[in-house]
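>>> What shape does this take:
(2 chains)
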Amino acid sequence: EAQVTQNPRYLITVTGKKLTVTCSQNMNHEYMSWYRQDPGLGLRQIYYSMNVEVTDKGDVPEGYKVSRKEKRNFPLILESPSPNQTSLYFCASSPQDRVTGYTFGSGTRLTVV
Amino acid sequence: GESVGLHLPTLSVQEGDNSIINCAYSNSASDYFIWYKQESGKGPQFIIDIRSNMDKRQGQRVTVLLNKTVKHLSLQIAATQPGDSAVYFCAERPGGYNKLIFGAGTRLAVHP
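Down below sits the predicted model:
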């Protein structure tokens, strides 16, 4: 089944403890992206990648890192999480380096206390 | 379910009626638009897209209309069903940028 897989689905952590949210897609898509979703704000882009070793900042990149060492994986790293990063996170992929219709993962609910 | 639907405008319709969800987009240079559906506890799902050189596109029970003059996008759902209950987002791709910008969303509530 063609899909984007995120892990974990739910995570509660403490301020300052480094964490990684994994994202993997099995569709051989070039384009991948991370979004956060907060009530009333819709989806805001954190980082995106047009291909292996090509990443760029989105609209809200502060406090986040990403890497794209393999085409299928695009992990999101929070080096020192803070409570304002409590949110619902989505990974998405698109079949071209020019973004069209995304396929989204099921989301990761992160709570930083 | 997730709390992303809080504070969103809500459209309530009777089962079997047609629904129209509206979206105002921000960038006159946007060249591509998409509608997504998000059910509680799930990621957004692609519904239908339209390019800026079109003003209408139809899918199965759904139609998207694009009015570039007033930067307005709408999603029409025919014969709305309980399974259509969800939050609906529009998204635009600004010309010259390789990204999608999402609207805040509208909750569709279908009543029997």
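>>> Show me the beta-bridge partners of residue 65.
Defaulting to chain A. Judged by DSSP bridges, the bridge partners of A:Lys65 are A:Ile77.
>>> wrong chain, I was asking about chain B
Note on B:Leu65: beta-bridge partners by DSSP bridges are B:Lys56, B:Ser74.
>>> what about it, neighbour count?
17 (other CB atoms under 10 Å in any protein chain shown). (Glycine included, C-beta is placed from N, CA and C.)
>>> next one: A:Ile77
So A:Ile77, with other CB under 10 Å, has 14 neighbours.
>>> Contacts only, for it.
A:Lys18, A:Leu19, A:Thr20, A:Tyr64, A:Lys65, A:Val66, A:Ser67 (CB atoms under 8 Å, 6 or more residues apart in numbering or on different chains).
>>> so how many other residues sit close to the second one?
I take that to be A:Leu19. 17.
>>> Now do it against B:Leu11, distance only.
37 Å (CB to CB, to the nearest Å).
>>> Tell me where the model's unsure across chain B.
Applying pLDDT under 70 to chain B picks out residues B:1-7.
>>> residue boundaries of the strands in it?
B:10-14, B:19-24, B:32-38, B:45-51, B:56-58, B:62-67, B:72-77, B:86-93, B:101-102, B:106-111 (DSSP state E).
>>> of all those, which lies closest to A:Ser49?
Of all the strands of chain B, strand B:86-93 sits nearest to A:Ser49, with 16.5 Å by CB to CB.
>>> hey, C-alpha coordinates of that closest one in PDB?
Output in PDB follows, covering the C-alpha atoms of strand B:86-93 (Å, rounded to 0.1, in the frame of the first residue of the first chain):
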ATOM      1  CA  ALA B  86     -14.700  16.600   8.200                       C
ATOM      2  CA  VAL B  87     -12.600  19.700   8.200                       C
ATOM      3  CA  TYR B  88     -11.900  20.900   4.600                       C
ATOM      4  CA  PHE B  89      -8.800  22.900   3.700                       C
ATOM      5  CA  CYS B  90      -7.900  24.800   0.600                       C
ATOM      6  CA  ALA B  91      -4.200  25.200  -0.400                       C
ATOM      7  CA  GLU B  92      -2.500  27.300  -3.000                       C
ATOM      8  CA  ARG B  93       0.900  27.100  -4.600                       C
END
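>>> right, is that strand up against chain A?
Yes. Using CB under 8 Å from any CB of the partner chain, strand B:86-93 reaches chain A at B:Phe89, B:Ala91, B:Arg93.
>>> That strand to strand B:10-14, inter-axis angle?
130 degrees (axes from the mean of the first three to the mean of the last three CA atoms, to 10 degrees).
>>> Report all helices and strands that strand B:86-93 contacts.
strand A:42-51, strand B:32-38, strand B:72-77, strand B:101-102, strand B:106-111 (3 or more CB pairs under 8 Å, 6 or more residues apart in numbering or on different chains; DSSP states H and E).
>>> Enumerate every residue touching the residue in chain B positioned nearest to chain A.
Of all residues in chain B, B:Gly43 sits closest to chain A, at 3.4 Å by CB to the nearest CB. B:Gly43 sits next to A:Val4, A:Phe90, A:Ala92, A:Phe104, A:Gly105, A:Ser106, A:Gly107 when contact means CB under 8 Å, 6+ apart.
>>> Give me the subset of the residues you listed lying in strands.
A:Val4, A:Phe90, A:Ala92, A:Phe104.
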